[in-house]
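Colleague: just coords:
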């Protein structure tokens, strides 16, 4: 039986090593006035940005650029929009990690409005964005957030009254995503590790979400297959192997598609809360909490009589995948669940995912973190104490 | 390793029993002047069309309608377009089988042009459509062509110089596909059978296509899982079971997505040729040829030393799926391939898929059929004799 589901459109996807070059033929189809949103320094330092601008100039494409060096705040987006509002831009192109591609998405959406993005953020403002935007192309340079395929841009204001919330509309999905694994080769091990763990978290959370459908299930499963085969290599001796990077890029892309259509769970509920209060990279929060959260979910699901069976089976299915088995035998559900937990714990260690304490998060902060953390589409209801234990174990 | 691939966007999908009702809230978002393209009689006879028009009137939606009783010809599309060109339509909605949803797609694309669709058909005209169209919603009432998710509309002119060719552009993918399995319950066994076989053909051909990617593979696999579980039931005592119909509808939807992105093989190469010369339902042509074509492909692949191994393995993977096994052991490749062939042969018999001879196709027609049949993205090169044998065995 296939239950009811909605599935938003996805971007046109151009995937493969060297595919960045397709960009130059695509831009003129939208018009000749382009704003590039790029990262702080890595694109510049690698010489790639110089290469790109040389080609743009040779092709007589009018472009401006703006650079982002941290997770985008409302102020940052508002400032960029104010600067470029009257430039009659025809296209926004973002090349960078999740912060950059989210910033590009937010700018493309806010250029059609005359007020602060704050007014349109979920749980912050009281307006709903209508989806009108300047066409937008996302080009990720990390394999993590899947932002190249999602309909939301995550915007943070960090501080005591901080938040990490989304601007969201089906129409904010990028028009085109160009995914070129060559761009990811310069990503350092610590970034590849936390981003890869974020992508796996997104896949596992959307796979076990009550909003999952057969289409998100099959895409998430495929994504987890590729990430599990490549995540350790991407952060070690496979870092410069374009095949390894393409496996990670594919998994990350899948995670964007599945999270946009099936939602996320407690790890992202906590990441939203923690990211509002503390300056800690999103991928680190997800990566550090994933094992503990999965352990807690499985523990609670085990106690349930019948209603937990389906979710437990889904965790087991991923444990089986990690064993290169694809069928879950009824009597081996917990065996497979244990395999999943062991693998997540091992990845966390081998990838040296930081503990939250390293970012100044302390036991006295726990209560406010928990208060502000939603369960999202977690497969099982967790008590405040359950959630507290997840975080405590990773301080 | 993930090789390069492109993936076109897909429609916004609204899937589930009773979801037709979402249409009435969606229409006003596009505007109030709608053209409905519907089928010849079944929607009318079932009382469904009366129900729909009553609601449209109650909601004060201005609508016109036109009905299609056969696979669309250039003349048919041109006539509809001429009639509605100056009506300032805001939306086209097609409710019906593949002929109807293809006709709706073609009308939505040709309303922006001032000439015959013939000029834009692949291999017929010499113009390339630019993708400009009136927004289009596809609502299938059969589980077959997957047209609700494809970027092409198949147009036929039947006769000695006949053709069956596509109007195609990435932007012709429907804006929204509403897939309501309840609408499929009235589909008679013979139609459900040929449509279901068409969908499975599309899935298997795109799965084994050299243009396949991990994303089309995983979607095709998922589609074949649901179709194989439901196809016999949908044509027998499960015909009125909405769960069975939803499985078939899901499989058909997947087939549209995968064919649009990975292409098709020799069965559809032949269907294009045969459909230009003879009045025979597209699903019957595909259904009747699938077993013989698969047998021929596997036979030729077996003879190849190394290059055929990957494709053979893919056929084996589907054989394993049919056995409810998911892993292909190296030594059992042919065992699984045989399982696939046996199943296709059994379906052809149990579903009573007509032979081509029943539609007046004779041995003397073979040569012209073969001359006009492209291999498309068949996994292996076939000689003219190979192709001839496929058809001969189903006369």
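Modeller: Yep, that arrived. Because the structure is predicted, anything quoted here is derived from the model rather than measured. Numbering: from 1, shown residues only, chains lettered A, B, ... in the order given.

Colleague: which residues in the stretch 101-250 of chain A form strands?
Modeller: Using DSSP state E, counting those that start in this stretch, the strands found in the stretch 101-250 of chain A span residues A:136-140, A:152-157, A:163-168, A:176-179.

Colleague: out of these, which one sits most buried?
Modeller: Stretch with highest mean neighbour count among the strands of the stretch 101-250 of chain A: strand A:136-140 (a mean of 28; mean count of other C-beta atoms under 10 Å in any protein chain shown). For glycine as for every other residue, the C-beta is placed from the backbone atoms N, C-alpha and C.

Colleague: now for residue A:382: which residues touch it?
Modeller: Taking C-beta atoms under 8 Å, 6 or more residues apart in numbering or on different chains, we find residue A:382 in contact with A:266, A:296, A:297, A:300, A:375.

Colleague: measure the second one to residue A:388 for me?
Modeller: Read it as residue A:296. Taking C-beta to C-beta, to the nearest Å as the measure, residue A:296 falls 10 Å from residue A:388.

Colleague: next, count neighbours for residue A:211.
Modeller: By the criterion of other C-beta atoms under 10 Å in any protein chain shown, residue A:211 has 15 neighbours.

Colleague: thought residue A:265 was touching it, still the case?
Modeller: No - with contact defined as C-beta atoms under 8 Å, residue A:211 does not reach residue A:265; the gap is 10.5 Å.

Colleague: can I assume residue A:108 is in contact with residue A:84?
Modeller: No - look at residue A:108 against residue A:84 with C-beta under 8 Å: they stay out of range, at 10.5 Å.

Colleague: and the two? which has more neighbours close in?
Modeller: residue A:108 (28 against 18).

Colleague: measure that one to residue A:94 for me?
Modeller: Residue A:108 sits at a distance of 9 Å from residue A:94 (criterion: C-beta to C-beta).

Colleague: could you do residue A:281 as well?
Modeller: Look at residue A:281 and residue A:94: by C-beta to C-beta, they are 18 Å apart.

Colleague: what do you get for residue A:117?
Modeller: Counting by C-beta to C-beta, the gap from residue A:117 to residue A:94 is 16 Å.

Colleague: those two: which has the busier surroundings?
Modeller: residue A:94 (31 against 25).

Colleague: confidence score at that one?
Modeller: As predicted, residue A:94 sits at a pLDDT of 98.

Colleague: quickly find the element holding it.
Modeller: Residue A:94 belongs to strand A:91-96 when assigned by DSSP states H and E.

Colleague: what pairs with that strand, and is each one parallel or antiparallel?
Modeller: strand A:33-39 (parallel), strand A:136-140 (parallel) (DSSP bridges).

Colleague: figure out which of those is closest to residue A:199.
Modeller: Closest to residue A:199 of these is strand A:136-140 (C-beta to C-beta; 10.5 Å).

Colleague: lowest average confidence across helices and strands of chain A, where is it?
Modeller: Lowest on mean pLDDT, DSSP states H and E among the helices and strands of chain A sits helix A:42-45, with a mean of 83.

Colleague: residue A:371: how many residues sit nearby?
Modeller: Residue A:371: 10 neighbours (other C-beta under 10 Å).

Colleague: any idea how far it lies from residue A:270?
Modeller: 11 Å.

Colleague: likewise for residue A:314?
Modeller: Residue A:314 is 21 Å from residue A:270, by C-beta to C-beta.

Colleague: counting neighbours, go ahead and name the busier of the two.
Modeller: residue A:270 (28 against 22).

Colleague: for the residue found closest to the more buried one once you drop the neighbours it is linked to in the chain, give me its contacts.
Modeller: Nearest residue to residue A:270 in three dimensions, chain neighbours excluded: residue A:373, at 4.7 Å (C-beta to C-beta, 6 or more residues apart in numbering or on different chains). Under the criterion of C-beta under 8 Å, 6+ apart, the neighbours of residue A:373 are A:266, A:269, A:270, A:272, A:273, A:274, A:387.

Colleague: which neighbouring elements make contact with the strand or helix carrying residue A:288?
Modeller: According to DSSP H and E, residue A:288 maps onto helix A:282-303. Applying 3 or more C-beta pairs under 8 Å, 6 or more residues apart in numbering or on different chains; DSSP states H and E, one finds that helix A:282-303 makes contact with helix A:189-207, helix A:266-277, helix A:309-322, helix A:333-350, helix A:384-392.

Colleague: quick one: contacts for the residue nearest to the spatial centre of chain A?
Modeller: In chain A, the centroid-proximal residue (C-alpha atoms, centre = their mean) is residue A:145; its distance is 1.9 Å. Residue A:145 makes contact with A:97-98, A:101-102, A:154, A:195, A:198-199, A:202, A:252, A:256, A:282-283 under the criterion C-beta under 8 Å, 6+ apart.

Colleague: residue A:100 versus that one, what's the distance?
Modeller: Using C-beta to C-beta, we find residue A:145 at a distance of 10 Å from residue A:100.
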